[in-house]
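Trainee: sequence and predicted structure, then a few things I'm wondering about:
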Amino acid sequence: MEVRVKILYTSLCHTDVYFWEAKTPVFPRIFGHEAGGIIGSVGEGVTDVAPGDHVLPVFTGECKECPHCKSAESNMCDLLRINTDRGVMIGDGKSRFSINGKPIYHFVGTSTFSEYTVMHVGCVAKINPEAPLDKVCVLSCGISTGLGATINVAKPPKGSTVAIFGLGAVGLAAAEGAKIAGASRIIGVDLNPSRFEEARKFGCTEFVNPKDHKKPVQQILAEMTNGGVDRSVECTGNINAMIQAFECVHDGWGVAVLVGVPHKDAEFKTHPMNFLNERTLKGTFFGSYKPRTDLPNVVELYMKKELEVEKFITHSVPFAEINKAFDLMAKGEGIRCIIRMEN
Ligand code: NAD
Ligand code: ZN
């Protein structure tokens with residue numbers, strides 16, 4: 001059930017940097033999970049894809065057979081759900097990379113910082129071969145996560161007001177989702193005001209920097225919106241922002257969606273009355289998209305010009321200069337840097 005993929009483009013996402021810095025015992029390993037490529041060859045049992053197919057690798061899979069895959073309400077596949085500690089293939093517990101006879105481990109089943117990689121077929125989404133891989137490769141992680149958080153989970157009604165906490169790649173995609181859904185006010189909340197100008201291109205109409213106010217940001221947002229926003233999407237990973245994102249939604253109908261990955265010791269604390277007053281709190285993994293079933297349709301949104309992907313791509317470097325992509329991310333510059341494998 002494995003495929004060998006020739007990676008043509010990959011990009012750097014925070015998860016790669018996080019696990020690189022964490023220096024886990026799984027070492028040496030090849031990072032990279034946001035990418036686009038072409039199937040080179042397929043192993044026994046693979047019937048869904050064939051050599052030449054264009055694919056997006058995904059860090060979490062869809063086996064299509066487990067209770068999660070069979071449920072229309074879940075994308076958390078039992079077999080292929082993200083596992084950041086596993087550095088080997090699930091079939092035989094071995095790695096497909098080696099150097100001088102010693103294994104080099106995989107990362108989240110993708111390892112796309114490589115000209116060729118081997119993946120479980122359940123972790124590749126076959127997409128329209130007309131779609132330019134140097135653009136749609138960014139849809140294989142962060143952008144789809146933010147977009148889906150709004151479109152699939154928060155589901156803002158037309159004309160509604162949406163607050164987006166955190167204006168990194170994921171938050172900007174969440175704002176774009178609110179724009180596509182027809183929200184009329186999109187309020188960007190970030191501690192870093194240098195994010196605001198860029199966020200206008202993604203539909204943000206107003207901005208709040210919590211540092212500019214003495215009052216809690218929940219209160220500022222309630223004052224701006226006559227009692228609270230209709231929807232909020234948290235894309236920071238910061239526990240305070242998660243609580244604020246919940247408490248700033250309107251009673252009666254407000255829905256808050258958490259996307260950020262919190263610190264391991266974080267605890268969410270709020271008064272239960274906030275729930276009794278009919279506010280809803282939700283969380284989402286990968287924008288609640290099923291990787292193989294739904295990602296091809298996200299690519300089609302781009303093909304139909306309903307989703308603009310180019311504006312997320314601010315830099316591009318050849319593979320030999322991949323460290324420049326790490327430097328850009330460390331400095332918080334731009335949104336996505338495409339790494340070209342061939343030139
Ligand atoms: P990023 O670091 O580029 O952006 C985060 C932004 O949040 C920054 O602009 C920062 O200034 C802002 N911020 C931090 N603390 C804040 C606070 N208290 N209030 C307001 N703004 C604050 O990150 P990103 O790549 O956009 O990812 C965002 C989050 O989404 C991360 O936690 C990431 O791990 C998570 N993520 C989740 C999934 C999922 O499936 N749930 C998938 C991908 C990424
Ligand atoms: Zn499954």
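Mentor: Alright, I've got the coordinates. Numbering: from 1, shown residues only. Ligands and ions are numbered 1, 2, ... in the order given.
Trainee: how about the closest residue to ligand 2 within the stretch 151-300 of the chain: what's its closest non-neighbour residue?
Mentor: The stretch 151-300 of the chain approaches ligand 2 most closely through Lys290 (9.1 Å), counting by CB to the ion. C-beta coordinates here come from the backbone N, C-alpha and C atoms, glycine included. Leaving aside its sequence neighbours, Lys290 sits nearest to Asn75 (CB to CB, 6 or more residues apart in numbering; 4.7 Å).
Trainee: show me which residues of the stretch 101-250 of the chain sit near ligand 1.
Mentor: 142, 145, 165-171, 189-192, 195, 210, 235-238, 240-241 (CB under 6 Å from any ligand atom).
Trainee: circling back to that earlier point, residues near the residue nearest to Lys290, how many?
Mentor: 23 (other CB atoms under 10 Å).
Trainee: ditto for the one 5 residues further on
Mentor: Residues near Leu80, counting by other CB under 10 Å, number 26.
Trainee: for it, what are its contacts?
Mentor: Thr60, Gly61, Glu62, Cys63, Ile90, Gly109, His120, Gly122, Cys123 (CB atoms under 8 Å, 6 or more residues apart in numbering).
Trainee: let's go with 10 Å and repeat that
Mentor: Each residue near Leu80 by CB atoms under 10 Å, 6 or more residues apart in numbering is listed here: 58-64, 66, 68-69, 90, 109, 119-123, 291-292.
Trainee: can you select the buried ones from those in ChimeraX?
Mentor: Selection command for ChimeraX covering only the buried members of those, criterion 16 or more other CB atoms under 10 Å:
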select :58,59,60,61,62,63,66,68,69,109,119,120,121,122,123,291,292
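Trainee: against Lys70, how distant is the nearest residue to His106 once chain neighbours are set aside?
Mentor: Leaving aside its sequence neighbours, His106 sits nearest to Gly87 (CB to CB, 6+ apart; 5.3 Å). According to CB to CB, to the nearest Å, Gly87 stands 29 Å off from Lys70.
Trainee: who's more crowded, the two?
Mentor: Between Gly87 and Lys70, Gly87 has the larger neighbour count (other CB under 10 Å), namely 23 against 10.
Trainee: over to that one. Which of the three states is it?
Mentor: The three-state assignment at Gly87 reads coil, by DSSP: H, G, I helix; E, B strand; the rest coil.
Trainee: now do Val299
Mentor: On the basis of three-state DSSP, Val299 is classed as helix.
Trainee: contacts only, for it.
Mentor: 36, 54, 56, 125-128, 130-131, 135-136, 139-140, 144, 307, 309.
Trainee: contact residues of this protein facing ligand 2?
Mentor: Counting by CB under 5 Å from the ion, the residues of the chain lying close to ligand 2 are Cys63, Cys66, Cys69, Cys77, Leu79.
Trainee: on the three-state scheme, the fourth one is what?
Mentor: So the one you mean is Cys77. Going by three-state DSSP: Cys77 is coil.
Trainee: thought it was touching Phe59?
Mentor: No - between Cys77 and Phe59 there is no contact under CB atoms under 10 Å: 11.7 Å.
Trainee: how about the residue of the stretch 151-300 of the chain found nearest ligand 1, what does it touch?
Mentor: In the stretch 151-300 of the chain, the residue that lies nearest ligand 1 is Gly168 (2.1 Å; CB to the nearest ligand atom). Counting by CB under 10 Å, 6+ apart, Gly168 makes contact with 14, 142, 146, 174, 190, 192, 195, 235-237, 260, 329, 332, 335.
Trainee: please name the nearest non-neighbouring residue to Ala178.
Mentor: Val162 (4.2 Å).
Trainee: hmm, the helix or strand harbouring Leu8 in reach of ligand 1?
Mentor: Using DSSP states H and E, Leu8 sits in strand 2-11. No - judged by CB under 6 Å from any ligand atom, strand 2-11 stays clear of ligand 1, getting no closer than 11.2 Å.
Trainee: tell me which other helices or strands the next helix or strand after that strand touches.
Mentor: Counting by DSSP H and E, the next helix or strand C-terminal to strand 2-11 is helix 14-22. Packing partners of helix 14-22 (3 or more CB pairs under 10 Å, 6 or more residues apart in numbering; DSSP states H and E): helix 322-331.
Trainee: can you name the next helix or strand after the helix or strand harbouring Cys69?
Mentor: Under the criterion of DSSP H and E, Cys69 resides in helix 67-70. Using DSSP H and E, the helix or strand that directly follows helix 67-70 along the chain is strand 97-99.
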